[in-house]
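>>> Here you go, sequence then predicted model.
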Amino acid sequence: MKINKINIKVASILAVLMTISMSSCSDELAELNDNPNAIADLPYGLQLTETQLKAAGAQYEMRRVGLGWAASSIQQLADVNIATNLLPGDKYIDFIDYSYAVFDEYWVNEAKDVIDLVNRTAEDPEAVNFNAMARIMKVISFHKVTDLYGDIPYSEAGRGFISNNWFPSYDRQQDIYLDMLKELEEAALQLTASADNPGIQDVLYGGDISKWKKLSYSMMLRLGLRMSKVDASASEAWVKKAIAGGVMTGLDDLAKIEHEEGGVESPIGYSFFVDKFMRLSDTFVSWMQDNNDPRLDLLSYVESGGPHQGLPNGLDPTTLASEGPAGGDLLDYSQVNQSLVQRNSPSMYITYAEVELMLAEAAVRGWHTGDAAEHYNNGVRAAMQNWGYYGVSAPSNEDIDDYLAANPFVEANGMELIGEQYWAATFLNPLESYANWRRIEYPVLTPINYPGNATGGTIPRRMKYPLVEFNINAENVNAAIANQGPNTYTTRVWWDVE
């Protein structure tokens with residue numbers, strides 16, 4: 001009882017002091033109510049630059065998920081290492097801390113900034129262009145995460161930093177997609193030449209409104225097609241809306257980030273800088289050899305000076321020596337041309353080549369009146385020319401013409417041809433390559449069944465949620481699993497149906 005009396009006395013004294021303080025220091029108390037995590041008075045242009053640079057990711061998630069899982073699972077890259085699992089997707093080894101790297105890093109480095117920029121600019125009638133651009137960047141950022149994991153925090157994402165909600169619920173992927181498509185549609189209509197413009201602080205387009213509109217509709221085309229297997233009618237409607245809105249029409253419409261050595265460095269370039277063991281997959285090299293593809297001499301570098309030779313997926317140091325087509329010395333196998341993966345090499349969000357190949361697919365499906373063969377040829381040509389942005393000489397027009405003549409588009413095999421070319425066109429953009437391959441499943445790949453693999457010898461369909469989520473946000477992550485399926489590499493995300 002004595003303790004209770006003391007507590008009452010203390011509470012009374014505090015109440016008096018608080019009353020005096022409130023009457024004399026109301027301004028100071030108002031300041032205490034401000035969110036210490038909020039970004040105040042940061043120029044919109046600087047924050048836009050930050051979100052654009054961060055959307056490219058960092059070496060951490062690119063090395064672990066982009067190259068480690070995505071590019072190797074779809075047999076663009078290969079590796080023989082077992083001890084450190086440099087490319088776990090080469091053999092489908094359960095190296096989980098690589099699997100969750102994008103999820104782990106995204107909420108810390110990307111989500112909070114782009115969401116904050118969307119929220120801040122939405123309240124300012126003079127910032128309509130900044131808001132539209134931020135909404136498009138939000139889609140570019142979020143769609144790569146949901147495509148890897150399926151259900152993710154979306155409507156409550158980033159609130160830990162903004163409003164101290166550190167336990168966000170998970171949204172269903174189908175709901176996320178519908179909202180992302182809505183964001184793209186509204187952002188495209190919102191962009192205007194009559195409002196404030198970020199100018200050079202927009203590191204994608206220098207404030208070019210027409211290019212931003214094309215970017216928004218091109219992303220709509222990508223997301224619309226992503227739904228083709230799970231909801232064909234909605235997919236068709238969004239594809240048609242994107243085409244009518246106006247997608248990319250030329251090579252320089254592409255959305256890319258330029259990097260600088262010693263500054264904001266290329267995540268993929270830095271990954272290759274620190275890891276010299278990755279090789280081009282034999283699947284990828286053989287495909288280019290079989291089609292006499294002029295990209296082979298551009299993409300492949302053999303350190304020993306020998307002929308181009310891809311490394312078969314699924315080998316280890318022992319089986320390389322006995323089964324490797326060029327023997328047991330890794331120097332005899334194709335590396336990625338080092339000129340393409342420098343620390344200042346660009347990051348590609350979406351390219352004109354991808355858009356033309358998607359238009360070819362839309363035409364094959366009967367969702368677009370354009371000529372499928374023409375779009376296909378435009379896409380292949382642009383994919384080859386696109387390597388010029390990496391500071392190297394792209395294949396000549398004559399070489400591209402010869403390639404297209406020798407490998408003509410045949411509509412009966414249209415989906416296969418488009419899928420293969422998209423796989424090649426998105427090399428070094430591994431998250432997009434991996435997502436589109438899971439949707440269209442071309443080229444046809446032979447899965448690896450390495451002893452002790454985590455998928456039963458099937459190509460992984462998603463990445464795993466981090467283990468820490470089951471400790472700190474268990475209720476919400478378990479609800480996502482109840483909706484989507486087990487937290488395994490073989491569970492398919494919403495749009496990836498058989």
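Thanks, I have it.
>>> Does Gly419 touch Pro443 like I think?
Yes: Gly419 lies in contact with Pro443 (CB atoms under 8 Å); the separation is 6.5 Å. Placement of C-beta: from N, CA and C, glycine included.
>>> Do you know the pLDDT at the spatially most central residue of the chain?
Computing the C-alpha centroid of the chain and ranking residues by CA atoms, centre = their mean puts Lys144 first, at 3.7 Å. For Lys144, the pLDDT comes out at 95.
>>> Spell out the secondary structure type for it.
Counting by DSSP: H, G, I helix; E, B strand; the rest coil, the backbone at Lys144 sits in helix.
>>> What distance do you get for it to Tyr434?
10 Å (CB to CB, to the nearest Å).
>>> With Arg461 instead?
10 Å.
>>> Can I get stretch 201-221 in PDB, CA atoms only?
The C-alpha trace of stretch 201-221 is given here as PDB (Å, rounded to 0.1, in the frame of the first residue of the first chain):
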ATOM      1  CA  GLN A 201      17.900  15.700 -61.000                       C
ATOM      2  CA  ASP A 202      16.000  13.100 -62.900                       C
ATOM      3  CA  VAL A 203      18.800  10.700 -63.800                       C
ATOM      4  CA  LEU A 204      16.700   8.600 -66.000                       C
ATOM      5  CA  TYR A 205      15.400  11.100 -68.600                       C
ATOM      6  CA  GLY A 206      16.500  14.600 -67.500                       C
ATOM      7  CA  GLY A 207      12.900  15.500 -66.900                       C
ATOM      8  CA  ASP A 208      11.600  14.500 -70.400                       C
ATOM      9  CA  ILE A 209       7.900  14.000 -69.800                       C
ATOM     10  CA  SER A 210       7.200  12.200 -73.000                       C
ATOM     11  CA  LYS A 211       9.800   9.500 -72.100                       C
ATOM     12  CA  TRP A 212       8.300   9.100 -68.700                       C
ATOM     13  CA  LYS A 213       4.900   8.500 -70.200                       C
ATOM     14  CA  LYS A 214       6.400   5.800 -72.500                       C
ATOM     15  CA  LEU A 215       8.100   4.300 -69.500                       C
ATOM     16  CA  SER A 216       4.800   4.100 -67.600                       C
ATOM     17  CA  TYR A 217       3.000   2.400 -70.400                       C
ATOM     18  CA  SER A 218       5.900   0.100 -71.100                       C
ATOM     19  CA  MET A 219       5.900  -1.100 -67.500                       C
ATOM     20  CA  MET A 220       2.200  -1.500 -67.800                       C
ATOM     21  CA  LEU A 221       2.800  -3.800 -70.900                       C
END
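>>> for stretch 96-112, the distance to its chain's centre please.
12 Å (CA atoms, centre = their mean, to the nearest Å).
>>> Need the contact partners of that stretch.
51, 54-55, 57-58, 60-61, 63-65, 68-69, 85, 88, 141-142, 144-145, 148-149, 152-153, 157-158, 160-162, 431, 463-467, 489 (CB atoms under 8 Å, 6 or more residues apart in numbering).
>>> Which among the residues you listed count as buried?
51, 54-55, 57-58, 60-61, 63-65, 68-69, 85, 88, 141-142, 144-145, 148-149, 152-153, 157-158, 160-162, 431, 463-466, 489 (16 or more other CB atoms under 10 Å).
>>> hang on, the earlier thing: between Arg461 and Tyr434, which one's more packed in?
Tyr434 (29 against 19; other CB atoms under 10 Å).
>>> Return the residues in contact with the more buried one.
Counted by CB under 8 Å, 6+ apart, Tyr434 has contacts 69-71, 73-74, 148.
>>> which residue ranges form the strands in the stretch 151-300 of the chain?
255-257, 279-280, 300-301 (DSSP state E, counting those that start in this stretch).
>>> Mind pulling up the pLDDT for Lys138?
With respect to pLDDT, Lys138 has a value of 96.
>>> Skipping its backbone neighbours, what lies nearest it in space?
Once flanking residues are discounted, Lys138 sits nearest to Val114: 4.8 Å by CB to CB, 6 or more residues apart in numbering.
>>> where's Met358, which helix or strand?
Using DSSP states H and E, the element containing Met358 is helix 352-364.
>>> what does that helix contact?
Contacts of helix 352-364 (CB under 8 Å, 6+ apart): 218, 221-222, 225, 239, 243, 247-254, 368-373, 375-376, 378-380, 382-383, 386, 409, 411, 414-415, 418, 421-422, 425-426, 432, 440.
>>> 7 Å instead, please
By CB atoms under 7 Å, 6 or more residues apart in numbering, the surrounding residues in contact with helix 352-364 are 218, 221-222, 225, 239, 243, 247-248, 250-251, 253-254, 368, 370-372, 375-376, 378-379, 382-383, 386, 411, 414-415, 418, 421-422, 425-426.
>>> avg pLDDT for that helix?
The model assigns helix 352-364 a mean pLDDT of 98.
>>> got it, and stretch 377-388?
98.
>>> Show me which positions of it end up buried.
377-387.
>>> tell me, how many neighbours does the residue nearest to Lys138 end up with?
27.
>>> got the contact list for it?
51, 134, 137-138, 141.
>>> Now do Asn487 against Leu467, distance only.
9 Å.
>>> Would you agree Leu299 is in contact with Ser339?
No: Leu299 is beyond contact range of Ser339, at 10.2 Å (criterion: CB atoms under 7 Å).
>>> can you give me the helices in the stretch 351-498 of the chain?
352-364, 372-385, 397-406, 414-425, 430-440, 469-472, 474-484 (DSSP state H, counting those that start in this stretch).
>>> Using the neighbour-count criterion, name the buried positions in the first one.
Same thing as helix 352-364. 352-364.
>>> And for the fourth one?
By 16+ other CB under 10 Å, the buried positions in helix 414-425 come out as 414-415, 417-425.
>>> Can you spell out which helices and strands pack onto it?
helix 352-364, helix 372-385, helix 430-440 (3 or more CB pairs under 7 Å, 6 or more residues apart in numbering; DSSP states H and E).
>>> just the angle between the longest one and helix 352-364, please?
Regarding helix 372-385 and helix 352-364, their directions subtend 160 degrees when assessed with axes from the mean of the first three to the mean of the last three CA atoms, to 10 degrees.
>>> Could I get the CA-only coordinates of helix 372-385 as CSV?
Extracted in CSV, the C-alpha atoms of helix 372-385 (Å, rounded to 0.1, in the frame of the first residue of the first chain):
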residue,chain,number,x,y,z
ALA,A,372,4.5,-10.0,-85.0
ALA,A,373,7.5,-10.6,-87.3
GLU,A,374,8.3,-6.9,-87.6
HIS,A,375,8.2,-6.4,-83.8
TYR,A,376,10.3,-9.5,-83.3
ASN,A,377,12.9,-8.3,-85.8
ASN,A,378,12.9,-4.8,-84.1
GLY,A,379,13.3,-6.5,-80.7
VAL,A,380,16.3,-8.7,-81.8
ARG,A,381,18.0,-5.8,-83.5
ALA,A,382,17.5,-3.5,-80.5
ALA,A,383,18.8,-6.2,-78.1
MET,A,384,22.0,-6.5,-80.1
GLN,A,385,22.4,-2.7,-80.5
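>>> Residues in contact with that helix: which ones?
251, 294-295, 351-353, 356-357, 359-360, 363-364, 394-395, 400, 404, 409, 411, 414, 417-418, 421, 424-425.
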